[in-house]
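Asks: turn this into a model:
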Amino acid sequence: MNCENCHAKCKAECCGIVPLPRETVAKFSFVREPVNRQDIGDVVFATDKDNYCCYLGEDLKCTIYNDRPEVCRKYGDESYLLMTCKWQGFDGRIRDRAERRRIQAEQEKDQIRVLKDFKKIAHEKETKK
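Replies: Numbers count the residues shown, from 1 in each chain. Okay, here's the model as predicted:
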(Lines give C-alpha, C1' and ligand atoms only; values in the text may rest on other atoms or scores of the structure.)
Protein backbone atom coordinates (compact mmCIF):
# COMPACT_ATOMS: atom_id res chain seq x y z
CA MET A 1 0.00 0.00 0.00
CA ASN A 2 1.38 3.37 -1.01
CA CYS A 3 -0.62 6.23 0.47
CA GLU A 4 1.00 8.97 -1.57
CA ASN A 5 -0.19 7.32 -4.80
CA CYS A 6 -3.77 7.78 -3.65
CA HIS A 7 -3.78 11.17 -1.85
CA ALA A 8 -5.08 13.01 -4.92
CA LYS A 9 -8.24 10.90 -4.70
CA CYS A 10 -8.66 10.18 -1.00
CA LYS A 11 -7.43 13.53 0.37
CA ALA A 12 -5.98 11.66 3.38
CA GLU A 13 -9.41 10.68 4.72
CA CYS A 14 -7.82 8.21 7.11
CA CYS A 15 -6.03 11.03 8.90
CA GLY A 16 -9.03 12.14 10.88
CA ILE A 17 -10.44 10.86 14.12
CA VAL A 18 -7.39 8.97 15.37
CA PRO A 19 -6.79 7.89 18.97
CA LEU A 20 -3.55 9.71 19.79
CA PRO A 21 -1.59 8.60 22.84
CA ARG A 22 -1.36 11.35 25.46
CA GLU A 23 2.45 11.13 25.24
CA THR A 24 2.31 12.08 21.55
CA VAL A 25 0.08 15.08 22.21
CA ALA A 26 2.37 16.21 25.04
CA LYS A 27 5.52 15.82 22.91
CA PHE A 28 4.46 17.45 19.62
CA SER A 29 2.70 20.72 18.81
CA PHE A 30 -0.35 20.56 16.56
CA VAL A 31 0.04 22.04 13.06
CA ARG A 32 -3.73 22.40 12.66
CA GLU A 33 -5.91 24.20 15.18
CA PRO A 34 -7.92 21.61 17.13
CA VAL A 35 -11.59 22.50 17.25
CA ASN A 36 -12.80 19.05 18.26
CA ARG A 37 -10.93 17.52 21.16
CA GLN A 38 -11.89 14.69 23.45
CA ASP A 39 -9.65 13.28 26.15
CA ILE A 40 -10.77 9.73 26.82
CA GLY A 41 -8.65 7.63 29.13
CA ASP A 42 -5.09 7.35 27.81
CA VAL A 43 -5.88 8.80 24.38
CA VAL A 44 -6.80 12.13 22.84
CA PHE A 45 -8.97 12.63 19.78
CA ALA A 46 -8.11 15.99 18.20
CA THR A 47 -9.31 17.18 14.81
CA ASP A 48 -9.47 20.49 13.00
CA LYS A 49 -12.54 22.20 11.54
CA ASP A 50 -12.52 19.72 8.61
CA ASN A 51 -12.08 16.66 10.90
CA TYR A 52 -8.45 16.13 9.88
CA CYS A 53 -5.86 15.02 12.39
CA CYS A 54 -4.13 18.04 13.92
CA TYR A 55 -0.74 16.61 12.84
CA LEU A 56 -1.63 16.45 9.13
CA GLY A 57 0.25 19.06 7.10
CA GLU A 58 -1.33 21.12 4.33
CA ASP A 59 0.48 18.86 1.84
CA LEU A 60 -1.50 15.90 3.31
CA LYS A 61 1.65 14.42 4.83
CA CYS A 62 2.02 13.54 8.48
CA THR A 63 4.19 16.08 10.30
CA ILE A 64 5.18 13.49 12.93
CA TYR A 65 5.59 10.60 10.48
CA ASN A 66 8.72 9.12 12.11
CA ASP A 67 7.05 9.28 15.53
CA ARG A 68 3.47 8.56 14.46
CA PRO A 69 1.31 6.41 16.74
CA GLU A 70 1.13 2.66 16.24
CA VAL A 71 -2.43 2.88 14.97
CA CYS A 72 -1.21 5.10 12.12
CA ARG A 73 1.69 2.77 11.34
CA LYS A 74 -0.70 -0.17 11.04
CA TYR A 75 -3.36 1.64 9.02
CA GLY A 76 -4.16 -0.20 5.81
CA ASP A 77 -3.16 -3.64 7.07
CA GLU A 78 -6.86 -4.63 7.01
CA SER A 79 -6.53 -6.43 10.35
CA TYR A 80 -9.64 -4.63 11.52
CA LEU A 81 -12.46 -2.83 9.70
CA LEU A 82 -11.32 0.62 10.81
CA MET A 83 -7.77 -0.23 9.71
CA THR A 84 -8.98 -0.78 6.14
CA CYS A 85 -8.41 1.91 3.52
CA LYS A 86 -11.54 2.29 1.44
CA TRP A 87 -9.51 3.66 -1.50
CA GLN A 88 -6.89 0.95 -1.93
CA GLY A 89 -6.26 -2.57 -0.77
CA PHE A 90 -3.31 -3.71 1.27
CA ASP A 91 -1.84 -4.96 -2.01
CA GLY A 92 -2.07 -1.46 -3.55
CA ARG A 93 -5.06 -2.27 -5.75
CA ILE A 94 -7.37 0.73 -6.21
CA ARG A 95 -10.90 -0.16 -5.09
CA ASP A 96 -13.94 0.45 -7.29
CA ARG A 97 -16.78 2.77 -6.25
CA ALA A 98 -19.12 0.02 -5.02
CA GLU A 99 -16.42 -1.47 -2.79
CA ARG A 100 -15.53 1.98 -1.40
CA ARG A 101 -19.17 2.70 -0.55
CA ARG A 102 -19.62 -0.66 1.17
CA ILE A 103 -16.49 -0.20 3.26
CA GLN A 104 -17.44 3.37 4.18
CA ALA A 105 -20.92 2.36 5.35
CA GLU A 106 -19.48 -0.42 7.51
CA GLN A 107 -16.79 1.87 8.92
CA GLU A 108 -19.26 4.61 9.87
CA LYS A 109 -21.25 2.14 11.96
CA ASP A 110 -18.09 0.80 13.56
CA GLN A 111 -16.74 4.28 14.40
CA ILE A 112 -19.81 5.02 16.51
CA ARG A 113 -19.42 1.72 18.36
CA VAL A 114 -15.70 2.30 18.98
CA LEU A 115 -16.22 5.79 20.40
CA LYS A 116 -18.88 4.46 22.75
CA ASP A 117 -16.50 1.68 23.83
CA PHE A 118 -13.68 4.18 24.50
CA LYS A 119 -15.98 6.30 26.64
CA LYS A 120 -17.22 3.25 28.56
CA ILE A 121 -13.68 2.00 29.23
CA ALA A 122 -12.53 5.45 30.33
CA HIS A 123 -15.51 5.77 32.66
CA GLU A 124 -14.82 2.33 34.17
CA LYS A 125 -11.17 3.27 34.76
CA GLU A 126 -12.20 6.51 36.47
CA THR A 127 -14.71 4.81 38.77
CA LYS A 128 -12.11 2.22 39.85
CA LYS A 129 -9.72 4.94 41.07
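Asks: show me where this structure has its strands.
Replies: 20-21, 36-40, 43-47 (DSSP state E).
Asks: could you find the closest non-adjacent residue to C54?
Replies: In space, and not counting its chain neighbours, C54 is closest to F30: 3.8 Å by CB to CB, 6 or more residues apart in numbering. The way it works is simple: take the backbone N, C-alpha and C, and place the C-beta from them, glycine included.
Asks: tell me the contacts of the one you found?
Replies: 46, 54-55 (CB atoms under 8 Å, 6 or more residues apart in numbering).
Asks: swap the cut-off to 10 Å and go again
Replies: Residues near F30 by CB atoms under 10 Å, 6 or more residues apart in numbering: 20, 37, 46, 48, 53-56, 63-64.
Asks: could those be laid out in TSV, adding distance to Y75, pLDDT and neighbour count?
Replies: Formatted as TSV, the contacts of F30 follow (distance: CB to CB, whole Å; pLDDT from 0 to 100; neighbours: other CB atoms under 10 Å):
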residue	distance to Y75	pLDDT	neighbour count
L20	13	91	22
R37	21	89	12
A46	17	90	21
D48	19	91	17
C53	11	91	26
C54	17	93	24
Y55	14	94	25
L56	13	91	23
T63	16	94	18
I64	14	94	19
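Asks: make a markdown table out of these and add distance to N5.
Replies: Shown next, in a markdown table, are the contacts of F30 (distance: CB to CB, whole Å):
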| residue | distance to N5 |
| --- | --- |
| L20 | 25 |
| R37 | 31 |
| A46 | 27 |
| D48 | 24 |
| C53 | 20 |
| C54 | 25 |
| Y55 | 21 |
| L56 | 17 |
| T63 | 20 |
| I64 | 21 |
